[in-house]
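Model the structure of this input:
(one chain, ligands or ions: 1)
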Amino acid sequence: MVTIISSTNRPGSSTLKLSQYYQKRLKEKGLDAGILSLTELPANLIESDLYGKRSAAFEPIQQIVTQTQKFLFVIPEYNGSFPGVLKTFIDACSFPESFYEKKAALVGLSSGKYGNIRGLDHFTGVCHYLHLNVMPLKIHIASVRKELDEHCNLFEKDTLKFTDEQIEKFIAF
Ligand SMILES: Cc1cc2nc3c(=O)[nH]c(=O)nc-3n(C[C@H](O)[C@H](O)[C@H](O)COP(=O)(O)O)c2cc1C
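Numbers count the residues shown, from 1 in each chain. Below is the predicted model:
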């Protein structure tokens with residue numbers, strides 16, 4: 001199973017729009033992937049699902065994670081790194097069956113100039129700690145509002161070239 005993690009719980013996020021774009025392009029190239037948006041996390045996650053606790057609300061999310069072999073994380077830049085809710089989600093997931101010896105590709109985005117370069121580096125460190133193998137080609141989409149058209153598709157020539165290359169490598173990964 002392949003799952004795209006839309007790595008913020010911010011309503012109306014560009015991250016979810018970009019995740020849906022990746023899902024569509026993957027399907028066009030023959031790979032079905034689900035989306036797990038962190039908007040689906042229980043609102044009281046920090047009380048209900050950390051440090052050995054497990055809620056009924058988180059159980060179906062844990063099942064998706066456990067069954068997934070390949071993840072594509074779409075990660076916005078928040079204060080120069082990845083969102084805290086992504087780390088809380090990782091901390092809530094069971095170890096080792098969630099991520100150990102599985103595969104991940106990373107896509108960064110931001111409204112600013114850097115496309116979450118540093119956040120993907122930080123998150124790569126977390127993945128390596130978990131033995132979650134990260135695909136070398138990472139994509140950084142800066143100024144995301146200028147990159148998505150009115151149908152939430154990427155359209156800039158260079159962006160299409162690099163995202164399609166990543167999508168093809170992810171399918172083969
Ligand atoms: C808490 C927070 C912190 C942010 N910090 C940064 C930042 O450090 N650099 C940046 O370029 N954009 C920053 N942004 C803007 C996001 O990159 C921008 O909203 C972009 O669309 C991706 O986030 P989204 O998926 O929430 O829309 C921040 C947004 C939020 C909500």
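
partner residues bridging the residue nearest the centre of the chain?
In the chain, the C-alpha nearest the mean C-alpha coordinate belongs to residue 73, at 1.8 Å (Cα atoms, centre = their mean). Assessed by DSSP bridges, residue 73 has beta-bridge partners residue 5, residue 106.

residue of this protein with the smallest distance to the ligand?
The chain approaches the ligand most closely through residue 112 (2.4 Å), counting by Cβ to the nearest ligand atom. In this view, the C-beta of every residue, glycine as well, is placed from N, C-alpha and C.

now that residue, what's its secondary structure?
coil (DSSP: H, G, I helix; E, B strand; the rest coil).

What of residue 101?
Residue 101 - assigned by three-state DSSP - is coil.

Mind pulling the model confidence for the nearest residue to it once chain neighbours are set aside?
Nearest non-adjacent residue to residue 101, counting by Cβ to Cβ, 6 or more residues apart in numbering: residue 131, 5.4 Å away. Looking at residue 131, its pLDDT stands at 98.

How are the strands of the protein distributed by residue range?
2-6, 34-37, 70-76, 103-109, 133-134, 139-141 (DSSP state E).

Quick one: mean pLDDT over the fourth one.
Across strand 103-109, the average pLDDT comes to 98.

close to the ligand, is it?
Yes. Using Cβ under 6 Å from any ligand atom, we find that strand 103-109 touches the ligand at residue 109.

residue ranges of the helices in the protein, please?
Assignment of helices within the chain using DSSP state H yields the ranges 14-28, 45-48, 59-67, 84-92, 117-129, 144-147, 157-172.

Which of these sits closest to residue 8?
Among the helices of the chain, helix 14-28 comes nearest to residue 8, with 4.9 Å by Cβ to Cβ.
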